[in-house]
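Trainee: would you be able to build a 3D model of this:
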Amino acid sequence: MVGGQSSIRGLVTQRRPIGNVPQPAVAGGTALAGVRDSLSTIRGLLDSTDHAVAEFIQIQKMESMEHLAGGLCHDINNGLLTIAATVYQLEKEFPQPDIQQKVLAVRKVLDNMEGLVNRLQALGPDEITVELAHRDLSVEVKLVLDALKSSFNQNINLHFTPCGNPLPVLLSQGDIWRILSNLAVNVQEAMTEGGDLLIGTSKRTVDSSYCRRHGNAYPGTFAVLSVCDYGPGIPKDVLDRIFDPLFSTKEVNGKNRKRGWGLAIVFALIRRRGGWIDVTSVPGEGSTFEVFLPLQVVNQVKDNSSAGIQVQDINSAGNCN
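Mentor: Numbers count the residues shown, from 1 in each chain. As a prediction, the model looks like this:
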């Protein structure tokens, strides 16, 4: 109590004679503003926590799927090898046309099964041994876009904005193809009315504040591939499951139509390369996918003949936004 007044949580009342009920006189504006700021901060932290928890759950689901896929691939491969060996013997021992026709039918089934195993293997932890090399992300993206350009619908306007400095990342041959081709398929199907498709590469520093909002992130400097469309956006219930294997909102309208694998494979591949993928979407405005890959430190200039590029010391390169 100060000067005949009492203050409780920013509310000031005047003392009155006994029998009169104290009435509010002056609102503690500064205190209320502080409360509002605190509530806003808490609300933001809760939103960040929800997002981080959702991403952590997604990682746990993918790790479980990876172990399951690895075990399935091993068992299926063993069975396919036995069948393939038997089919080979039949093909050699029975030259009759009717039998050869049946052998050919079995071979086609084996080819389809091999494709299934390859897609499972892309999800599993025991990926076929690949050679990793330093590659400039911008150069790799440009090569893939040049190859994909003809497959885009004519009503889609593709814009590519590369980083002005080299972005050396550790990748195998074909990684960016797998990432971009799967993202492009989803974007093209979302942009039924056409429009602008923005693809870019940049260098970005991730701090602890970002990490608190993204459960699969960690601090450091990264090369970022962004794919932004102005389609209808992704509903929240779909966004929560977009990287789940075999999840799809599309109807199957034909035989052997592969659905629900693409983004799950992208998610698993990026994790193997030490990065992560983030997606934001606003219904009616579009979606943005961002692929984060660790930026590699290369002490001296060297030629990466497999990609036909120069990899430079990133310590001398400026930031690219």
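Trainee: burial of the closest residue to D207 other than its chain neighbours, as a residue count?
Mentor: Of all residues not flanking D207 in the chain, P219 sits nearest, at 6.0 Å (CB to CB, 6 or more residues apart in numbering). Quick note: C-beta positions are derived from backbone N, CA and C, even for glycine. Look at P219: counted by other CB atoms under 10 Å, it has 12 neighbours.
Trainee: same question, F160
Mentor: F160, neighbours per other CB under 10 Å, totals 15.
Trainee: phi and psi next, for it.
Mentor: phi -120, psi 120 (degrees, to the nearest 10).
Trainee: and the closest residue to it other than its chain neighbours, how far is that from Q154?
Mentor: Here the nearest residue to F160 in space, its sequence neighbours aside, is I199; by CB to CB, 6+ apart that works out to 5.0 Å. Noted for I199: a distance of 18 Å to Q154, by CB to CB, to the nearest Å.
Trainee: of the two, who's got more company?
Mentor: Between I199 and Q154, counting by other CB under 10 Å, I199 is the more crowded of the two (23 against 6).
Trainee: L293 touches I277, doesn't it?
Mentor: No: contact criterion CB atoms under 8 Å: L293 and I277 do not qualify, at 9.8 Å.
Trainee: which stretches of the stretch 51-200 of the chain form helices?
Mentor: With helices called from DSSP state H, counting those that start in this stretch, the stretch 51-200 of the chain shows them at 97-123, 137-148, 175-190.
Trainee: low-confidence ranges, this structure, go.
Mentor: 1-75, 77, 112, 115-130, 245-261, 299-321 (pLDDT under 70).
Trainee: where exactly do the strands run in the stretch 151-300 of the chain?
Mentor: Taking DSSP state E, counting those that start in this stretch, the strands of the stretch 151-300 of the chain run over residues 156-161, 168-172, 195-206, 220-229, 276-282, 286-294.
Trainee: coming back round to it: what touches both of L293 and I277?
Mentor: Common neighbours of L293 and I277 (criterion: CB atoms under 8 Å, 6 or more residues apart in numbering): I270.
Trainee: return the set of residues that bridge with the residue nearest to Y230 when sequence neighbours are not counted.
Mentor: The shortest distance from Y230 to any non-neighbouring residue, by CB to CB, 6+ apart, is to G286 (4.2 Å). Counting by DSSP bridges, G286 is bridged to V282.
Trainee: pull the number of nearby residues for I179.
Mentor: 27.
Trainee: what residues does it make contact with?
Mentor: Applying CB under 8 Å, 6+ apart, the residues contacting I179 are L225, V266, L269, I270, V291.
Trainee: how many other residues sit next to the closest residue to the first one other than its chain neighbours?
Mentor: Closest residue to L225 apart from its sequence neighbours, by CB to CB, 6+ apart: V291 at 4.2 Å. Neighbours of V291 under the rule other CB under 10 Å: 27.
Trainee: residues contacting V291?
Mentor: Residues near V291 by CB under 8 Å, 6+ apart: I179, V224, L225, S226, V266, I270, G275, I277.
Trainee: A223 is in contact with L295, correct?
Mentor: Yes: applying CB under 8 Å, one finds L295 in contact with A223, separated by 5.0 Å.
Trainee: for these two, indicate the residue with more neighbours.
Mentor: A223 (25 against 22).
Trainee: distance of the residue lying closest to that one once chain neighbours are set aside from K142?
Mentor: Excluding its sequence neighbours, the residue lying closest to A223 (CB to CB, 6+ apart) is L167, at 3.9 Å. Distance check for L167 against K142: by CB to CB, it reads 12 Å.
Trainee: who's more crowded, the two?
Mentor: With neighbours defined as other CB under 10 Å, L167 and K142 compare such that L167 has more, 27 against 16.
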